[in-house]
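Undergrad: could you look at this predicted model? Sequence included:
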Amino acid sequence: MQWGSTSQGSHWSLLVYDSVQRKFFYYDSHQGSNRRAAMRLAHKLSAVLPSPDKKESKKLKKSEGQSVVVVKSTPPVLVEVQCPQQTNGYDCGLYLLCVAKELALAHASGLKIGKCWEHLKKQVSPKSTAAMRDQIPAWIASVASEKKTR
């Protein structure tokens, strides 16, 4: 998510929803700069997520092939998670990409979202974000060449 605009630009951070834990996890490489915005977004998104109460979330009716689900009205659970911190004022987008990539890999290997600090600490650094910066143009070129061959 990108929020806030200042004379220095704007800042990107990551909000992840884990449907199993029914929690939002907030990752910010710049000391929680977007904490309020993350809470607002989590609150808005929680309004459309199914309720954790099984009775409440039962499908109420079917009309014209559509199901209606009651959504929860309680405030969302937002967990601010320890996140590797950028060392400059401009790499927040790269940190977001690196953290998202490593969270996906960690989750695929069985780690719970929100419990990946040791993994993130080892994998996300100024060096890994610099490598990501170098990889992005090659990824774009690869996707572009794939589209041309279709």
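TA: Structure received.

Undergrad: okay, now the unreliable bits of this structure?
TA: 1-9, 51-74 (pLDDT under 70).

Undergrad: how does it look with 90?
TA: 1-10, 19-22, 31-32, 46-76, 146-150 (pLDDT under 90).

Undergrad: what are the ranges of the helices in it?
TA: Ranges of helices within the chain are 35-46, 92-108, 117-123, 126-149, based on DSSP state H.

Undergrad: for those, give me CSV that also has mean neighbour count and distance to Pro76.
TA: C-beta: built from backbone N, CA, C; applies to glycine. Putting the helices of the chain into CSV (neighbours: other Cβ atoms under 10 Å; distance: least, Cβ to Cβ, whole Å) gives the following:
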stretch, mean neighbour count, distance to Pro76
helix 35-46, 16, 4
helix 92-108, 18, 19
helix 117-123, 14, 21
helix 126-149, 11, 29
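
Undergrad: any chance of the ones you listed in JSON lines, plus distance to Gln85?
TA: Below are those laid out as JSON lines (distance: least, Cβ to Cβ, whole Å):
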{"stretch": "helix 35-46", "distance to Gln85": "14"}
{"stretch": "helix 92-108", "distance to Gln85": "8"}
{"stretch": "helix 117-123", "distance to Gln85": "11"}
{"stretch": "helix 126-149", "distance to Gln85": "10"}
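
Undergrad: what about the residue lying closest to His107 once chain neighbours are set aside, how many residues nearby?
TA: In space, and not counting its chain neighbours, His107 is closest to Ile113: 5.9 Å by Cβ to Cβ, 6 or more residues apart in numbering. Residues lying near Ile113 (other Cβ atoms under 10 Å) number 20.
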